[in-house]
Structures are given as structure tokens and as C-alpha cells.
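Q: Pasted the sequence and its predicted model underneath.
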Amino acid sequence: MGKTILKGWVVVFLLLTAITDASFAQSREAGSSSAYVNQQILTKDEQTEESKFKLNRNYWNGYITDTANILSSPSRWENQDWIKASLLTGITIGLYAYDQEMQNWAQKNRSSTSDKIADFARLFGDVKYNLSLPGAFYLYGHFYEDEKARKTAMLSLESVVISGIFTGAIKFAGHRHRPDTGDPYNTWGGPGFSISNLSFPSEHSSSAFAIATVIATQYEEKTFVPPLAYGIAALTALSRVNDNDHWTSDVFLGSAIGYFTAKAIIGLHGKGKNRKLTGFPIIDGKRTILLISYKF
């Protein structure tokens, strides 16, 4: 386990180093302001927006206003938003119908190799990584005066917290039994405050995709960063199925919540202002789903 954790930190270090190399280059080219702008790939408006993003009361108050914006958004939906939401609903329901078969297949084909991969990937959905990775970005941004890195940290943290609120609300509303209990895939406990049977949706998947989406979007100019970030998040989600801790529909919806919540928050804070993210709950008596749609 110790070696697995070490490997996880190595990946975090390499990712952080890779996406912040522009700032190191900037320090070597301090005499050239044009070089700085080109390396950071920021317009004047973007630089102004970055500099305004501070860890203060307004930032924390933004958690409330951004959450309210997402939850109230169905009133502003257009036809294409409903189509996308319907697609996400259909995929989730489709996966749910085959959860038992897919879980049986995953466990039948589980191996020592898949377990090792899962041990590694699972770490990126744990709380310590959810906090430490944004923390590393923030410290780097603070000490090297890299506003983009600092903003990435703050957007990541907000995305994890808000997506965690969404997933937590659904978990306690449904109390779906986990596959390792041996209960059928359609076993739900209904609303309550018990901390057991909280399978749907996967919070590991939600957190991993929330952070990955912010990093991938903020550093999209670096071609290898998005596939690396999303690849790690996808492995994190798949690890939950491999470990028999979640059903396939759990990790799909959790991943979607993390991704779309992060995209919404990014759009609300400067990048992609014309894009629209919206969300609404779906309740059918047994399941409660928060559907989120992102307009590209």
C-alpha cells in the first residue's frame, strides 16, 4: 500500500510540474513581457480575471451563489438542453438495467493486475488527494506568483465541494445497497440519515472528474494534459467497479456530476462565459438523480 501511495504522489508531482512549466520558463525569460504572455497563453481580459480570483469571503460566498445558479437553471433551459439531459438520463437508466450483469462480468474477470491498477487509481478519489492536489497548486501559485495555478486550485476545490454536495444529497435520498453486500442491484433503502448503503452515485468518481475537468480545461493548450487528467479520473471510476464497491451506473452518474459541475463553475468564473450548465433532480419513487447538462 505504501508503494501505491508513493506512485500516486509521483503522478501528482509530474502532472503539477508538467502544467506549470510555463511559469518556470517565464522566470528564465523575465526580461521579455511578450514571452510571458505567449507562454501563459492568456489574453489581457483573462489575466485580469485571474488576478481578481482571490481566496477571500467573496470566494466562499460563491459556493452558495454558484450552487443556487445550477439548481435554478432548468427555468432557463432551451430545447437542446433538454435533449442533452434526456440523453444522460437514458444512459444512466440503461446502465442501471444491466448493472447486475456488468457487475458479475467485472468480478468474474477481476485479476491481480486489475486490483493493482485499482489500488493506484482509487487514491485519486480519496479525500486526501481531493485536498492535497488543489493545495499543491495553490502553494505553487502563491510562491511563484502564478495566478493561473492558484485559480486552478480554487476552482478545483469548489468543484469538489459542490459536486460532493450533489452526490451526497442523492446518496442519502436513495440509500442504494452496494454490490459487495450481496443484495440485488435494485435494492434501495429510501430517504434517511443512515451512513450505510450509500452506493449511488460514486463520490470517488465525482471528485476525480471534478478535479480532472478543471485541470484539463485550465491547461487545455497543453495537448497531453486533458487525456492524462481524464485518463486518471476514468481509472478511478473503473476501480470502484473492480473493487465491487459500486455499480456501473453509480460511477457513470458520479463522473457526470463531477465533470459537468466543474464545467459550470469554470464558466461562471471567466472561462467559457457563454457556455451554459444546468441541472435538475429526477425522482421516480426508488431513485433520485441529479441531471446536469452542459452547453458547449
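A: The structure has been received and is ready for your questions. Bear in mind the structure is a predicted one, so any value in this text is a computation, not a measurement. Residues are numbered from 1 along each chain as shown.
Q: got any ranges where the chain has weak pLDDT?
A: Confidence mapping of the chain against pLDDT under 70 gives the ranges 1-53, 270-296.
Q: And the contacts of stretch 108-117?
A: The list of residues contacting stretch 108-117 from outside it, by CB atoms under 8 Å, 6 or more residues apart in numbering, reads 4, 235, 239, 242-243. All C-beta atoms are positioned from the backbone trio N, CA, C, and that covers glycine.
Q: mind putting those in CSV, secondary structure, neighbour count and distance to residue 219 included?
A: Output for the contacts of stretch 108-117, formatted as CSV (DSSP: H, G, I helix; E, B strand; the rest coil; neighbours: other CB atoms under 10 Å; distance: CB to CB, whole Å):
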residue, secondary structure, neighbour count, distance to residue 219
4, helix, 14, 26
235, helix, 18, 19
239, helix, 27, 24
242, helix, 21, 29
243, coil, 19, 30
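Q: nearest to residue 176, of the residues you listed?
A: Nearest to residue 176 among the contacts of stretch 108-117: residue 243, at 16.2 Å, using CB to CB.
Q: That closest one touches residue 122, doesn't it?
A: Yes: at 7.0 Å, residue 243 and residue 122 qualify as touching, with contact defined as CB atoms under 8 Å.
Q: Against residue 266, how distant is residue 214?
A: Distance, residue 214 to residue 266, using CB to CB, to the nearest Å: 6 Å.
Q: Over to residue 90?
A: Taking CB to CB as the measure, residue 90 and residue 266 are separated by 26 Å.
Q: Neighbour count: the two, which is higher?
A: For residue 90 against residue 266, the residue with the higher neighbour count under other CB atoms under 10 Å is residue 266, and the figures read 23 against 10.
Q: residue contacts, that one?
A: If a contact means CB under 8 Å, 6+ apart, then residue 266 has 155, 213-214, 217-218, 272 as its contacts.
Q: where does it land in three-state SS?
A: Local secondary structure at residue 266 is given as helix here, using DSSP: H, G, I helix; E, B strand; the rest coil.
Q: Distance-wise, check it relative to residue 200.
A: If you measure residue 266 against residue 200 using CB to CB, the figure is 26 Å.
Q: just residue 154 next, same as before
A: Between residue 154 and residue 200 the computed distance is 29 Å (CB to CB).
Q: of these two, who's got more company?
A: Each of residue 154 and residue 200 had its neighbours counted (other CB under 10 Å), and the higher figure belongs to residue 200 (28 against 21).
Q: picking that back up, hey, what's in contact with both of residue 214 and residue 266?
A: Joint contacts of residue 214 and residue 266 (CB under 8 Å, 6+ apart) are residue 155.
Q: tally of neighbours for residue 213?
A: 29.
Q: Repeat that for the one 5 residues further on.
A: Applying other CB under 10 Å, we find 23 other residues in the vicinity of residue 218.
Q: Also residue 142?
A: The number of residues packed around residue 142, counting by other CB under 10 Å, is 14.
Q: residues in contact with it?
A: Remark: with contacts taken as CB under 8 Å, 6+ apart, residue 142 is in contact with residue 150.
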